[in-house]
Structures are given as C-alpha cells and as structure tokens.
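>>> next comes the sequence, and after it the predicted model I'd like to discuss.
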Amino acid sequence: MSQQIPTSEIRANIFAFISVKKNGMTTALDIQGLRKTYDNGFTALKGIDLRVEQGDFFALLGANGAGKSTTIGIASSLVNKTDGKVSIFGYDLDTQREQAKAQIGLVPQEFNFNIFEPVVEIVVNQGGYYGIPRAEAFARAEVLLKQLGLWDKARDQARNLSGGMKRRLMIARSLIHQPRLLILDEPTAGVDIEIRRSMWEFLRKLNAEGTTIILTTHYLEEAESLCRNIGIIDRGELIENTSMKKLLNRLDTESYVFDLASPVTALPATSNLCHFTLQDPTTLEVVFHKEHYSLNKVFAFLNEHGVIVNSMRNKTNRLEQLFMDLVENNKQ
Amino acid sequence: MNAQQQWTAYTTILVKEVLRFSRIWVQTIIPPVITTALYFVIFGNLIGSQISDMGGHSYINFITPGLIMMTVITNSYANVVSSFYGSKFQGNIAEMLVSPTPNWIILAGFISGGVARGLAVGLAVTLVSLFFSSLNVQHIFVTFTIVLLTSMLFSLAGLINAVYAKSFDDITIVPTFVLTPLTYLGGIFYSIAMLPPFWQNASLLNPVLYMVNGFRYGILGTSDMSIWVSYGVIVAFILLLGGFSLHLLNKGIGTRS
Ligand SMILES: Nc1ncnc2c1ncn2[C@@H]1O[C@H](COP(=O)(O)OP(=O)(O)OP(=O)(O)O)[C@@H](O)[C@H]1O
Ligand SMILES: [Mg+2]
C-alpha cells in the first residue's frame, strides 16, 4: 500500500504556507543606499535606507525640497536612481521591474492626467495599462469613483474638476489595479477639511483591508492621526525612522496656552520643571515636564495665586515641535 | 504581463490615440484635405494642364501619389509628435511609465496611433483626388504596404522628435526645417530624371524619394527606381528608428529624470 497524502491535507498545508507568508513580516518597500543626483548635478538623495513593512501606514515627512518626491519617484519608476537598491514586495526594481510596478499605486504630488480626457476614461485607461480588460476596469472605476464622490462627474472632462476633486481622481486612478502598496504624495494638499476627513476615513479603511500605505504631507496632525510609523527626510538624508508612538513619547514636555479671566501683571517664579510666560496680560503660556509635573499641579499653583483660567489649548501640534527640533538638530 | 494583458494595454493606447485625433477632427483631418485639394486645383488642373506628360503620365496623375504620400507622412509624424509631447508636457505619460506595460508596447501603441491617423487622412485625400485625377491602381499590395510602412517610419520619427522636445517650439522646428524640405524635394512634383546628374545623386540620399517612388509604382506602375530598393530603404529606416526609439524609452531619455 502506498502512502498517499489526502488532497485536503495538501490544501490545508498550502493555505498554512500562504497565511504564514501573509502574516509574517513581508517588506512592502525596501530601500538601501539610495542616491540620486539629477542631471543638473544636484544631489537630492545622499544614501537613504528605508523599510516599510506590509500593512503599515507610513508617513514620510520632510521640509520642501527634502527629497520625498524624489524617493517616491524612484520607487514608482518615474525617476532614475543614481545608486542603491529598491525592492517592492521582494521584487527588485532593477531585475523585476514589471512585477515591482504591478504592486504599486501612485498618487503623485502634481496633477498629471490629460485634462481633456473624461474622468472615467482616465481611470479605465489606467486599468488598461495594467492589463485589466475594459469591461472589468469600467466596473471597478464605477465603484471607486462612487466611493470617492466623483461618479456624477464621470463624464466630465478632467479640467472641469475642482482641485480637491482632481486629487480624488488621482486616488481613484491609483487604485484601479488594486495595488498592495499605495503611495500618496501630499494627497490632501488643497483639500477642504470635510473632504480631508472623509479621505482619511477612506485611507484608514483601505489600510485596514490590507493595503500598505505610504503618505507624505505637510499637515503633521494628519500624519499623527493616520500613521503608525514615520520617516523624516532632511536634505537628502533620512534623519529619523521610528514608530509614531516612540517619537511622540520622546517629547518630555507639554505646553499649553491659557486664556485668563482677568489681566495679570506678574507671576511668582516657578521651578525649572514648570515654566510660565505671559504672552499678554490675559494669555499665559505654560511648559512643564511630563514626568515630574502635571496639569493638576499647574492648576493648584494658579489657584494658590488667584489666577482664573477660562479656557486652554495645546500650544502647537506636538509632532510639529518634534519635527522642528529634529530638523534643527540636523543642521548642527 | 502575459500576452493577453499586453494586448489589453496595447489596445488601450491605440483606442485612446484614435479617439484623440478623431475628437479634434476639424484640426486633424480637415486641414490636410483642404490643402491637398488646393494642390490638385492649382498644380494639377491650372498649371498642370500647361505641363507635358511626366514619366508617361499626365502631370496631375503623376503628382497624385506623391501628394497622398506627403499627407500620410506629415500626419503620421504630427500625430505622434504632438500626442507624445503632449503627454510629456501634461505629465500623463507617467500613467504608462508607472504601469507594468513594457516599453515596446507603449511604442507600438503610439506608432499604431500615428499610422491610424496617417491612413485615415491618406484615405480622405485619396477620395478627394478622385475628383481631379483618374487613378487606376496597378499593384494594390505594393500600394498598401508602402503607405503602411512609410506611415510607421514617420510615426517613429515623430516619437523621437517628441522624446527630445523640451518645448512646443521643438516640435515644429523639425517638421519645418527637415520634414517639409525632404518631402518637397522627394520627387513628389517631378521625376528626378529631370534633374542634373549631381542633384539626381543628391536626391538619392533623401529617404522620402524611395517612398514616393514606391507608392507611385504601386499606383501608376512607374518609378525612378526598383520597388525592392524602396522596400529595402524603408524597412532599414524602420528598424533603425524603431530600435533607437525603444532604446530612448528604456533609458528614460526625455521621459524620466
Ligand atoms: N528634475 C529635477 N532636476 C533637478 N533637481 C531636481 C529635480 N527634481 C527635484 N529636484 C531637486 O531635488 C530636491 C528634492 O526635491 P523633491 O521634489 O524630492 O522634494 P520634496 O521633499 O518632495 O519637497 P516638497 O515637499 O516641496 O514636495 C529639491 O532641491 C529639488 O529642487
Ligand atoms: Mg514633493
């Protein structure tokens, strides 16, 4: 009698294997030693190492001209790299470019569709370039355009869309082939608050369903609210690559601004753990060490001195503060 | 991408290209038809009637193949140069560049678009010519293959022009200073047998001469040279420019920074 493994068992093993591959840490984007010198001799990237794991929601931050779009351009095959290795879900950009490209959806920073083409054509044609038959691409385009609130504009020429609609069009276009990695270069630039929030929800849902997302933005609260991990580029160098949580924990101080009920001329000196500054007679700024001080203590102190606080707010976005500190430190 | 997906990508580009020039038919189809009709009236009927036979044909019959060919050449070229440069300028060439569509498919798509326009306009002009001349196609296969290959060749030339173009000026300079002189001196209006020996030899360096004569052979049955020489020259140029275009796309010259 020969030993036969039942088919069901084989199938179960295959599924186990697939799910390990799925749940194990696969790297969505792996960048090593990436350098870019443009034709005019300007070196935009000076050797960047960056890993983004599958399933991540990753923020790529940096000042204007830091090299974010250059990095994204190289990953999506729009910019030639000077040196280094890039792979997408294990597909090397030099040797397996076609497979690598098939994994990525790109929302570029600049509008780059043909403004004379109808909205739905732009999305459907993009599907065609990924080999998706027209009927199928059209069905998918309808779903995407509806989700992004553009279906009633589907037959309009793209030039008739508003700026925010154009951004959403580019998001729809980037998703037509259901990419595993979505890269968005400033997707919310020029988008109103309401649409921005709904875009966030859309991206969160996409991420929850398994799409890895990399996003650049200059709205740091956007990065803070959406992203789990973060990389900061400064003048062509990656100066930070960590989790959002760890980064924010590094802030050891909290700062608030109080609006006072009545004018105050002076306040008694405080310890170096808590520091008050009067911006004007009715606006008081406080900075204190999170570990050694607390808001309760601040209020106890103010109570003691008969200062009444009407309202309070965060001084700045916490991430903004950190970002500025990091970039400042890198200058030295 | 498998063959099926590549076919989808190819037809997507082709259909998009055909729609592009069809949508603006007033700018793309009508002007060459009017221009050629004027050529027929002035050179064919008015002046041509004063000119004796050329190569054994009435002058208007002699120039008709050349005029059709000239239309095909300029329109194939114009279609690809403006479409490709347009997508560079607006940035939508990136839609193809980020996708897994191989460069040779992108190339084939644009070239087919140029051929489609060249043939569409060529056909329109041929219909117009029937009002003025009496054409009796001698070799239908030669006529069709020569016009097809020529259209491919100038579509490729248009693409190379577009790859290097950095402004809209650059896409009119080459047609004005290179393409137009080559076509006018390419034996459309005369048989090179009329030229002094030096200019006869100089004309042989002009590739358009081989296409016009090949086409004239197809329609009228007469040519300044053997039809095989015509085929040889056209195919050689297609291979040369085709290989070069693919090289440009692979390197990302003019398309990737
Ligand atoms: N095609 C190009 N040729 C020459 N230099 C370029 C080119 N593209 C970008 N650069 C330069 O490279 C640097 C990085 O540009 P990049 O677009 O990557 O910045 P970024 O981080 O995306 O900035 P932003 O937030 O403003 O979008 C800049 O100094 C820019 O001037
Ligand atoms: Mg940028």
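Perfect, I can see it now. Ligands and ions are numbered 1, 2, ... in the order given.

>>> who's the residue nearest in space to the middle of chain A bridged to?
Closest to where the C-alpha atoms of chain A average out (CA atoms, centre = their mean) is residue A:215, at 2.8 Å. Under DSSP bridges, the beta-bridge partners of residue A:215 are residue A:59, residue A:184.

>>> what's the answer for residue A:274, then?
With DSSP bridges applied, residue A:274 shows beta-bridge pairing to residue A:288.

>>> ok, it to ligand 2 distance?
Separation of residue A:274 from ligand 2 (CB to the ion, to the nearest Å): 40 Å. For glycine as for every other residue, the C-beta is placed from the backbone atoms N, C-alpha and C.

>>> which ones are touching that residue?
Residue A:274 makes contact with A:286-289, A:293, A:297-298, A:301, according to CB atoms under 8 Å, 6 or more residues apart in numbering or on different chains.

>>> sorry, back to before: check contacts around the residue nearest to the centre of chain A.
By CB under 8 Å, 6+ apart, the contact list for residue A:215 reads A:57-60, A:183-184, A:187, A:203, A:222-223, A:226-227.

>>> nearest to residue B:223, of those?
Distances from residue B:223 to the contacts of residue A:215, taken as CB to CB, are shortest for residue A:183 (56.9 Å).

>>> model confidence for residue 23, exactly?
Answering for chain A, as no chain was given. As predicted, residue A:23 sits at a pLDDT of 46.

>>> hmm, I had chain B in mind actually
Per-residue confidence at residue B:23 stands at 91 (pLDDT).

>>> for ligand 1, what's its nearest residue on the stretch 151-257 of chain B.
Per CB to the nearest ligand atom, residue B:257 is where the stretch 151-257 of chain B lies closest to ligand 1, at 3.9 Å.

>>> ends of stretch B:210-229, how far apart?
7 Å (CA to CA, to the nearest Å).

>>> no no, stretch A:238-250
18 Å.

>>> in it, which residues are buried?
Neighbour-count burial for stretch A:238-250, with 16 or more other CB atoms under 10 Å in any protein chain shown as criterion, is recorded at A:238, A:240-241, A:244, A:247.

>>> and for stretch A:209-222?
A:211-217, A:219-220, A:222.

>>> mind checking the pLDDT average for that stretch?
The average pLDDT within stretch A:209-222 is 93.

>>> what about residue A:204, how many neighbours?
Using other CB atoms under 10 Å in any protein chain shown, residue A:204 has 14 neighbouring residues.

>>> make sure it is actually in contact with residue A:226.
Yes - counting by CB atoms under 8 Å, residue A:226 is a contact partner of residue A:204 at 6.8 Å.

>>> now for these two: what residues contact both?
Common contacts of residue A:204 and residue A:226 (CB under 8 Å, 6+ apart): residue A:57.

>>> need the longest helix for chain B.
helix B:59-90 (DSSP state H).

>>> any part of that one near chain A?
Yes - applying CB under 8 Å from any CB of the partner chain, one finds helix B:59-90 touching chain A at B:86-87, B:90.

>>> most neighbours among the residues you listed, which one?
residue B:87 (23 neighbours).

>>> ok, for that residue, nearest residue in space, not its chain neighbours?
Setting aside the residues directly before and after it, residue B:87 is nearest to residue B:93 in space (CB to CB, 6 or more residues apart in numbering or on different chains), at 4.1 Å.

>>> which ones are touching that neighbour?
By CB under 8 Å, 6+ apart, the neighbours of residue B:93 are B:84, B:87, B:255.

>>> give me the residue from chain A nearest ligand 2.
Of all residues in chain A, residue A:69 sits closest to ligand 2, at 3.1 Å by CB to the ion.

>>> per-residue pLDDT, the residue of the stretch 51-200 of chain B found nearest chain A?
Nearest residue of the stretch 51-200 of chain B to chain A: residue B:91, at 3.1 Å (CB to the nearest CB). At residue B:91, the model reports a pLDDT of 94.

>>> quick one, phi psi at residue 51?
Using chain A here. Here is the backbone geometry of residue A:51 (degrees, to the nearest 10): phi -130, psi 130.

>>> oops, wrong one, chain B.
Backbone torsions of residue B:51, given as degrees, to the nearest 10, read phi -100, psi 140.

>>> before we move on, which element is residue B:174 in?
helix B:170-174 (DSSP states H and E).

>>> now the helix or strand following that helix: mean pLDDT?
Going down the chain from helix B:170-174, the next helix or strand is helix B:180-184, by DSSP H and E. For helix B:180-184, the mean pLDDT works out to 89.

>>> who are the packing partners of helix B:180-184?
Secondary-structure packing of helix B:180-184 (3 or more CB pairs under 8 Å, 6 or more residues apart in numbering or on different chains; DSSP states H and E): helix B:59-90, helix B:207-220.
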